[in-house]
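# this one's structure only:
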């Protein structure tokens, strides 16, 4: 009877130890979420703010080089215009009257020059035949020279008026979209004044972006680096480009030193960008391709040290892992884990309470 009692006590103690160990393991680590180690790409990104700008020559403010009343503006804001298309016309009646007068003067001067040339030839014959003195030939030479200069001056004045007449019809110098009109038909424009800037035409296909890089990051920013950026107008669309140039001259904004990186923007007709749009940019400083990667959330801090837990046989096990390049979401795994391993991304440690993960 005592043997049976002793055996029962021993079995009870063993069962209690096993239960205690099992419950102690559950108290040590509670796994809430896991993720797989995957083969893929890791990018180290530099985040900055940028602004979309029109390239030099992509936005043209078309002004008036003539003074007069606007009689026609055949375009409106939003219209697409071709290079050489008429966009405004100024009343040219006065200049046409001046041109007609200049044409008459030019014809008269030409006639005088022709007559003086003929008279010169006649004088040469008469003087050679001793029928008139040499002085008459000298006078004919001078008259021919003067009338020739008068004819040239009249022709130059006529050409000047023809050029001025061309200013009364205003054409777009580039292909683009009318983005602004500052005058209306019936208004008087004065050449040479700021208000004579009538129409602005923008080529939306020729845009660039200025990224303001903090002075602490400018050493890692170089031409040729890939850039992806986002705008609030298209929050789900990632635009791409490349760093073309980093300007050496600093820009100080709010007492912070920045350097401007220039990025060419590829035109997307389905998601057209506009000048002065604010962009959230990511410059790809470094990348690793086709390497084992794991989520950054799998790296935990335990007693002031980095720790990674891998799930093996349903039980979390702490492992030593060497990490390489760290991206925004995932990090490169150099050793300690294999592709396919399940790492713990959310867990509860008993020493830090149920809310710590």
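On my side now, so go ahead. This one's a predicted model, so the numbers in the text were calculated from it and none came from an experiment.
# which strand or helix spans the residue most central in space within the chain?
Centroid-nearest residue in the chain, with Cα atoms, centre = their mean: residue 208, separated by 1.8 Å. Element membership of residue 208 [criterion: DSSP states H and E] is strand 207-214.
# buried stuff in that strand?
Buried residues in strand 207-214, defined by neighbour count with 16 or more other Cβ atoms under 10 Å: 207-213. To be clear about C-beta, it is placed using only N, CA and C from the backbone, and glycine gets the same treatment.
# for those residues, which one is nearest residue 252?
Checking the buried residues of strand 207-214 against residue 252 with Cβ to Cβ, the nearest one is residue 212 at 10.8 Å.
# so for the closest one, what's the pLDDT?
Note for residue 212: predicted pLDDT of 96.
# residue contacts, the closest residue in space to it that isn't next to it in sequence?
For residue 212, ignoring the flanking residues on the chain, the nearest one in space by Cβ to Cβ, 6 or more residues apart in numbering is residue 258 at 4.2 Å. Applying Cβ atoms under 8 Å, 6 or more residues apart in numbering, we find residue 258 in contact with 212-215, 250-252.
# ok so, going back, partners of the residue nearest to the centre of the chain in the sheet?
Taking DSSP bridges as the rule, residue 208 bridges to residue 53, residue 264.
# who's in contact with it?
With contact taken as Cβ under 8 Å, 6+ apart, residue 208 is in contact with 52-55, 244, 262-265.
# residue 181: which of the residues you listed is nearest?
Residue 181 lies nearest to residue 54 out of the contacts of residue 208, by Cβ to Cβ, at 17.5 Å.
# coming back round to it: neighbour-wise, which one of the contacts of residue 208 leads?
Within those, residue 263 tops the neighbour count with 25 neighbours, counted by other Cβ atoms under 10 Å.
# residues touching that one, list them.
By Cβ under 8 Å, 6+ apart, residue 263 lies in contact with 50, 208-211, 227, 229, 241-244, 281.
# one more pass at 10 Å, please.
50, 52, 207-211, 225-227, 229, 239-245, 279, 281, 283 (Cβ atoms under 10 Å, 6 or more residues apart in numbering).
# in helices only, show me these.
Among these, no residue falls in helices (DSSP state H).
# give me the subset of the residues you listed lying in strands.
Per DSSP state E, strands hold the following members of the contacts of residue 263: 50, 52, 207-211, 226-227, 229, 239-245, 279, 281, 283.
# let me see the ranges of the helices in the stretch 151-300 of the chain.
Using DSSP state H, counting those that start in this stretch, no helices are found in the stretch 151-300 of the chain.
# will you turn the buried residues of strand 207-214 into TSV that also has distance to residue 124?
Shown next, in TSV, are those (distance: Cβ to Cβ, whole Å):
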residue	distance to residue 124
207	70
208	70
209	75
210	74
211	79
212	80
213	81
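# and of the residues you listed, the nearest to residue 44?
Distances from residue 44 to those, taken as Cβ to Cβ, are shortest for residue 213 (14.9 Å).
# my guess is the closest one contacts residue 253. True?
No - between residue 213 and residue 253 there is no contact under Cβ atoms under 10 Å: 11.9 Å.
# domains of the protein: list them as residue ranges, please.
By the assignment in automatic domain parsing, the chain contains the domains 46-56+204-288, 61-90+169-202, 92-167.
# next helix or strand past the helix or strand bottoming out on mean pLDDT in the chain?
Sorting the helices and strands of the chain by mean pLDDT, DSSP states H and E puts helix 2-28 at the bottom, at a mean of 44. Sequence-wise, the next helix or strand downstream of helix 2-28 (DSSP H and E) is strand 30-36.
# would you mark the buried spots in that next one?
Buried residues in strand 30-36 (16+ other Cβ under 10 Å): 31, 34-35.
# can you tell me which of the domains of the chain is nearest to residue 311?
Comparison of the domains of the chain against residue 311 by Cβ to Cβ identifies domain 46-56+204-288 as nearest, at 24.8 Å.
# nearest to residue 294, of the domains of the chain?
Closest approach to residue 294 among these (Cβ to Cβ): domain 46-56+204-288, 12.8 Å.
# now the domains of the chain in CSV, please, with extra columns for distance to residue 333.
Listed next are the domains of the chain as CSV, based on distance: least, Cβ to Cβ, whole Å:
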stretch, distance to residue 333
domain 46-56+204-288, 10
domain 61-90+169-202, 49
domain 92-167, 70
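# where exactly do the strands run in the stretch 51-200 of the chain?
Assigned by DSSP state E, counting those that start in this stretch, the strands in the stretch 51-200 of the chain fall at 59-63, 68-72, 80-81, 86-90, 169-171, 176-181, 188-189, 197-202.
# switch these over to JSON lines; also include mean pLDDT and mean neighbour count.
Shown next, in JSON lines, are those (pLDDT from 0 to 100; neighbours: other Cβ atoms under 10 Å):
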{"stretch": "strand 59-63", "mean pLDDT": "92", "mean neighbour count": "18"}
{"stretch": "strand 68-72", "mean pLDDT": "95", "mean neighbour count": "16"}
{"stretch": "strand 80-81", "mean pLDDT": "96", "mean neighbour count": "16"}
{"stretch": "strand 86-90", "mean pLDDT": "96", "mean neighbour count": "19"}
{"stretch": "strand 169-171", "mean pLDDT": "96", "mean neighbour count": "17"}
{"stretch": "strand 176-181", "mean pLDDT": "94", "mean neighbour count": "18"}
{"stretch": "strand 188-189", "mean pLDDT": "90", "mean neighbour count": "17"}
{"stretch": "strand 197-202", "mean pLDDT": "92", "mean neighbour count": "20"}
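# many thanks, we can stop here.
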